[in-house]
Structures are given as structure tokens and as C-alpha cells.
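In: quick one: sequence and predicted model below, then my questions.
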Amino acid sequence: MADCKRIGVAVDFSPCSKKALKWAVDNVARSGDHLILISVSPEGNYEEGEMQLWEATGSPLIPLSEFSEPHLMKKYGVSPDAETLDIVSTAARQHGIIVVLKIYWGDAREKLVEAVDNIPLDSIVIGNRGLGKLKRVIMGSVSNFVVNNASCPVTVVKSHD
């Protein structure tokens, strides 16, 4: 099974990240591949829980069976929505895709690029929020940053309807 791929998908559980996830499942992931959902939470002052333990390296890879459990995810401060869980559990069940979640804390742009090398990923799929030009200049586009800095192929899924 040497030809199995590790495909990262940036997820923040927004409509545009779900569109990117669905696109990855429909167009890239094949049976036996690892679909690695990457969630980046802003840094905060966490008093307890897994965040302190994994702040530098990100969480361990969390299997689908665990990230489907809201009480287990609470300790990471992440709550995947029903639609995202439905997309990935269907992919796992119907297509034999192995789905895991990795959570990072910090700047989304830097952490997504870091994930490419640390996991490592064969490719990454990311949604594009479609920010206006001004907002993009002020905030910086996460997808632009990843396209320009990741060491693997990047697919940007546009979110306009």
C-alpha cells in the first residue's frame, strides 16, 4: 500500500471549509488514503486540558471514532459540527478512507505550513473565504500564504456559490 496518500484538509467548520473537505473527498481521496483534517485554534490562556500539553507540536492524530465524541473533543476546545462529521464518516464508511484530526494552536498560516512538513502531507486542500481585496490586504490570506510557503501541492477550493 505504498501508494496511499496523506491528504491534509484545513478545517475551521465554516461553510467554505466544508466545501473544501467535500471537494477533497470527491476528487482526491481514494481507498486506503489518510484524510487528515487540520484545525487551527487561536492561542489563548488555557488553564487546563490537552492544549498545554500539545501547544508546541499540535495534538496527536485523533481517530474519527474519538473526534466524533463531543465530550472527548471538549478537552481540545474544538467542536466539529454534524455536517463535517457526516462528510468524513461517510467517506470512511463508503470509500475506505482513513480519517484523523490534528489540532494546532496559533496562527493558521504558520501552523498549516508547519503541518505539511511535520505530519508530513502529500498535498493539502484549503478553502478560500473570498475576502474582499481590502480585508485580504489587512488580514493576509491564509490560502495565499499556504500556496506560497507549503512544500507540497496546495489546492484552493473557491467558496463563491
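Out: Noted; the coordinates are in hand.
In: all contacts plus neighbour counts: C-alpha atoms, from now on.
Out: Fine.
In: by mean pLDDT, flag the weakest helix or strand of this structure.
Out: helix 133-139 (a mean of 62; mean pLDDT, DSSP states H and E).
In: quick one: the strands in the protein?
Out: Remark: strands assigned in the chain by DSSP state E are 6-10, 34-41, 62-63, 98-105, 123-128, 154-158.
In: and Trp54, which of the ones you listed is closest to it?
Out: Taking Cα to Cα, strand 98-105 is the member of the strands of the chain nearest to Trp54, at 7.9 Å.
In: what's the angle from that closest one to strand 34-41?
Out: Calculated by axes from the mean of the first three to the mean of the last three Cα atoms, to 10 degrees, strand 98-105 forms an angle of 20 degrees with strand 34-41.
In: sorry, back to before: Throw the strands of the chain into CSV and include distance to Glu83 and mean pLDDT, thanks.
Out: Below are the strands of the chain laid out as CSV (distance: least, Cα to Cα, whole Å; pLDDT from 0 to 100):
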stretch, distance to Glu83, mean pLDDT
strand 6-10, 15, 97
strand 34-41, 14, 94
strand 62-63, 17, 95
strand 98-105, 15, 94
strand 123-128, 16, 93
strand 154-158, 18, 92
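In: could you dump these to JSON lines with mean neighbour count and distance to Val88?
Out: Listed next are the strands of the chain as JSON lines, based on neighbours: other Cα atoms under 10 Å; distance: least, Cα to Cα, whole Å:
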{"stretch": "strand 6-10", "mean neighbour count": "25", "distance to Val88": "11"}
{"stretch": "strand 34-41", "mean neighbour count": "23", "distance to Val88": "9"}
{"stretch": "strand 62-63", "mean neighbour count": "16", "distance to Val88": "11"}
{"stretch": "strand 98-105", "mean neighbour count": "22", "distance to Val88": "7"}
{"stretch": "strand 123-128", "mean neighbour count": "24", "distance to Val88": "14"}
{"stretch": "strand 154-158", "mean neighbour count": "18", "distance to Val88": "17"}
